[in-house]
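Visitor: here you go, sequence then predicted model.
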Amino acid sequence: MQQRIGHILLWLGISVLGASAVGGIALHRGESINALWFIVAAVCVYAIGYRFYSAWVAARILMLDDTRATPAERLNDGRDYLPTNRWVVFGHHFAAIAGPGPLIGPTLAAQFGYLPGTLWILAGSVLGGCVQDMCVLFFSTRRNGRSLGQMARDELGPIGGAAALFATLLIMIILIAVLGLVVVNAMKHSPWATSTVIATIPIAIIVGIYMRYIRPGRVLEGSLLGVILLLLSVGGGGWVDQQPVLRELFNHPGLPLAFGVIGYGFLAAVLPVWLLLAPRDYLSTFMKLGTVLLLAAAIIVLQPEIKMPALTQFTDGSGPIFAGSIFPFVFITIACGAISGFHALIASGTTPKLLSNERDIPMIGYGGMALESFVAVMALIAATVLEPGIYFAINSPAGIVGALPSEAVATITSWGFPVTVEQMDALAKAMGEATLFARTGGAPSLAVGMASIFASAFGEHLLAIWYHFAIMFEAVFILTTLDAGTRVGRFMLQDMLGNLWPKLGRTSWYPSVIFSSALVVAGWGYFLYIGVIDPNGGVNILWPLFGIANQMLAAIALCVCTGILIKSGKLKYVWVTALPLLWLTILTSTAVYEKVASDNPRLGFFAAADDLSQKLASGVLPPEKAAVAPQLIFNQQLDAWLAMLFAALLWIIILDMLRMASRHLRGLPVPESKETPYQQTRLETQQGATA
Amino acid sequence: MQLATARSACRQFGQALRLKLKQGWSLLRELSGDDAYERYLQHQALHHPDETPLCRHAFFKREQQQKWQGVKRCC
């Protein structure tokens, strides 16, 4: 009894603390607000969501059964299917879902102020993203670890399945292009960053050779060696930056760097995995976990002040970083930090094959996403601790604020965010960069934010080292996603092409490997190239397109979940996945409509194409812009069609699901639910461990 | 007397700490896949005692090749 009262009081305390922290953030209107409030609000919201909502969903809707044998137990082959310690599964799952998206999205969305992003990261994750990850993980576990595409085909029909597969391939291409653009913008005219990022390639290869030939399979030794070399490469980059000759070797504009990234992506896709991809992934996982923990510790110790206002005037859609009003674009921009469709691919496939007991599903599915969302909150803090003037000067493309530093500061100051050229020069000098103006893509501003937090917590004189450490950290795991994504895209493409000509589907036939890798790389390489030559920064086009695609994939996953819930007779509770689905459908459809139909050339793709065509025809463009204008016009039109294709795919799947649901409710035959029959577990239950 | 109690408490604490560190280390090894080969040998001995297990080198090669066949990393 006493314990029970203690329990109630504890959760009452957490609720009150959480509510006052969220309320404090939402209602605060003053000079600045302490970042610790964001951490407190986030931790309380996740704790309450996990303790109550996930437990309720698990017990009432999914009805987890800890006596039921999981696929890992039933199909244990010692390789794919393997009952694994739940903390180890959690670690693998989190390492797989945590990518660069939650670092970039919140940084860009900070142009609306700190409030919209924070609220959506918290609400979207506990009510949407975490639920999606957990439900997909559960349904896949009950279906022998089948993938999202297979579940869509089994439960909805062949149309849904094909649409899901095609959508995934397209997202991959847009995602890699935008990530490539982020890296290119971080390396542009920065010998230090470029040499450090390039050094990560031989370092990964050294680690790969070490783990393969010198000490086979000694992952920890190899990773430790790699992390030490990476840290040395940050210092080494600083040394390169001081050498007049070497410096020029690594000092490049965007375009050659983009071609470098494209060539690298192709090599990484065709080289054996042990040489580059696998060792790079070990390094990026360790760097990622280490840096995120360090950032959390620094924020808690330092408690920096948030300088960005709660809301800026750009909620009306006139923002310099990307165009579009707060609804729907704050949601589209945050993307992975709140709901990520990509997680559904991880939650169906690898993770369910490792689960030793169903009762671990809330911790891994819901808890894993909550932690990912926490990373997004920290990225938002790192972006908003900067003076708003500095934040906008770093992130606004030259096409919007002006190419000259004096023009840029004048424009940004006129918005009410004072900043001076001297301030920016001093900052660039402290960070060891030539300039920080118009460094779009989010990575440099995140690095400046992280460097200032780290430097004030661990040593003020090391700003430049911390800045390039942060750039290296972002680049390492962006490049890992780029490698892994290109390879996955290649497998998917080979799978599809195999239907046309079986030989092309063989993943070990070298001509097919080269051909399909080249096609995938050409796909994202094209968007990356256009992104680099676009004077408005490219991010304005690519990030919303990526956000739309990602949210659409989440809607597809929720569609599959909703369909299964209806079929399994849980119509009463279907809102748990149907409401997030409805919200995402409204979001993506509105966003696509605005991106296609808006007559504002910054927002609408067709409007931009028309605007540029008119300017080209009337001869007002300077020659260097006129030269690339036809490509930009074509690209804007292509993007419009792509956005419409995304919306069409989503609606096809929704209608397919509704058709199936209505048939089921009218008692007509529907594809049978493929849940594997009950079999009792023989594994020893670790009841004590979960209490 | 008191000294003896203190000493035994100290020893107990030391043992508990060592146990925790050991658990943490084995969790880290399992998480990173550092002990994958040992686990594989155990699995083979238990389920396929008639087969000759792969050598460390070949096992690691197969593991990595297989690990990167599907979607393993997200945005």
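Guide: Sure thing, it's come through. Residues are numbered from 1 along each chain as shown, chains lettered A, B, ... in the order given.

Visitor: tell me what the longest helix along chain B is packed against?
Guide: Longest helix in chain B, counting residues (DSSP state H): helix B:2-32. Packed against helix B:2-32 by the contact rule (3 or more CB pairs under 8 Å, 6 or more residues apart in numbering or on different chains; DSSP states H and E) you find helix A:86-97, helix A:219-242. All C-beta atoms are positioned from the backbone trio N, CA, C, and that covers glycine.

Visitor: cutoff 6 Å now
Guide: helix A:86-97 (3 or more CB pairs under 6 Å, 6 or more residues apart in numbering or on different chains; DSSP states H and E).

Visitor: list the contacts of the helix it packs on.
Guide: Contacts to helix A:86-97, defined as CB atoms under 6 Å, 6 or more residues apart in numbering or on different chains, come from residues A:285, A:343, A:346, A:351, A:354, A:360, A:364, A:368, A:371-372, B:30-31, B:72, B:74.

Visitor: that one versus helix B:2-32: what angle between them?
Guide: 40 degrees (axes from the mean of the first three to the mean of the last three CA atoms, to 10 degrees).

Visitor: keeping just the C-alphas, turn helix A:86-97 into PDB.
Guide: This file holds the C-alpha atoms of helix A:86-97, laid out as PDB (Å, rounded to 0.1, in the frame of the first residue of the first chain):
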ATOM      1  CA  ARG A  86      17.100  -6.700 -24.500                       C
ATOM      2  CA  TRP A  87      19.700  -3.900 -23.800                       C
ATOM      3  CA  VAL A  88      21.700  -5.200 -26.700                       C
ATOM      4  CA  VAL A  89      18.600  -5.200 -29.000                       C
ATOM      5  CA  PHE A  90      17.900  -1.600 -27.800                       C
ATOM      6  CA  GLY A  91      21.400  -0.600 -28.600                       C
ATOM      7  CA  HIS A  92      21.300  -2.000 -32.100                       C
ATOM      8  CA  HIS A  93      17.800  -0.600 -32.700                       C
ATOM      9  CA  PHE A  94      18.800   2.900 -31.500                       C
ATOM     10  CA  ALA A  95      22.100   2.900 -33.400                       C
ATOM     11  CA  ALA A  96      20.100   2.000 -36.600                       C
ATOM     12  CA  ILE A  97      17.300   4.600 -36.300                       C
END
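
Visitor: now it, how far from the centre of its chain.
Guide: 17 Å (CA atoms, centre = their mean, to the nearest Å).

Visitor: buried ones in it, by neighbour count?
Guide: Residues A:86, A:88-97 are the ones in helix A:86-97 that count as buried (16 or more other CB atoms under 10 Å in any protein chain shown).

Visitor: can you redo those residues as TSV with distance to A:Pro256 and pLDDT?
Guide: Formatted as TSV, the buried residues of helix A:86-97 follow (distance: CB to CB, whole Å; pLDDT from 0 to 100):
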residue	distance to A:Pro256	pLDDT
A:Arg86	47	93
A:Val88	43	93
A:Val89	43	95
A:Phe90	42	96
A:Gly91	39	92
A:His92	37	92
A:His93	38	95
A:Phe94	36	94
A:Ala95	33	90
A:Ala96	33	91
A:Ile97	33	92
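
Visitor: how many neighbours does the nearest residue to B:Ala36 once chain neighbours are set aside have?
Guide: In space, and not counting its chain neighbours, B:Ala36 is closest to B:Glu63: 6.1 Å by CB to CB, 6 or more residues apart in numbering or on different chains. Around B:Glu63 there are 19 other residues, counting by other CB atoms under 10 Å in any protein chain shown.

Visitor: just the one 4 residues further on next, same as before
Guide: Neighbouring residues of B:Lys67 were enumerated by other CB under 10 Å; the total is 18.

Visitor: need phi/psi at it.
Guide: phi -60, psi -30 (degrees, to the nearest 10).

Visitor: so which strand or helix has the residue lying closest to it once chain neighbours are set aside?
Guide: Closest residue in space to B:Lys67, ignoring its immediate chain neighbours: A:Ala278 at 7.2 Å, by CB to CB, 6+ apart. A:Ala278 belongs to helix A:277-302 when assigned by DSSP states H and E.

Visitor: list of residues touching the helix or strand that that helix is followed by?
Guide: Per DSSP H and E, helix A:277-302 leads on to strand A:305-306 as the next helix or strand towards the C-terminus. The contact list for strand A:305-306 (CB under 6 Å, 6+ apart) reads A:32-33, A:35, A:114, A:384.

Visitor: what about those, which are in helices?
Guide: A:114, A:384.

Visitor: ok, back up a step: from the chain's centroid, how far away is the longest helix of chain B?
Guide: That offset, for helix B:2-32, works out to 17 Å (CA atoms, centre = their mean).

Visitor: low pLDDT regions in the stretch 401-550 of chain A?
Guide: Judged against pLDDT under 70, the stretch 401-550 of chain A has no low-scoring part.

Visitor: ranges for the strands of it?
Guide: Assigned strands in the stretch 401-550 of chain A: none (criterion: DSSP state E, counting those that start in this stretch).

Visitor: name the residue of it that lies nearest to chain B.
Guide: A:Ala484 (4.1 Å; CB to the nearest CB).

Visitor: for that residue, give me its contacts.
Guide: By CB under 6 Å, 6+ apart, the neighbours of A:Ala484 are B:72-73.
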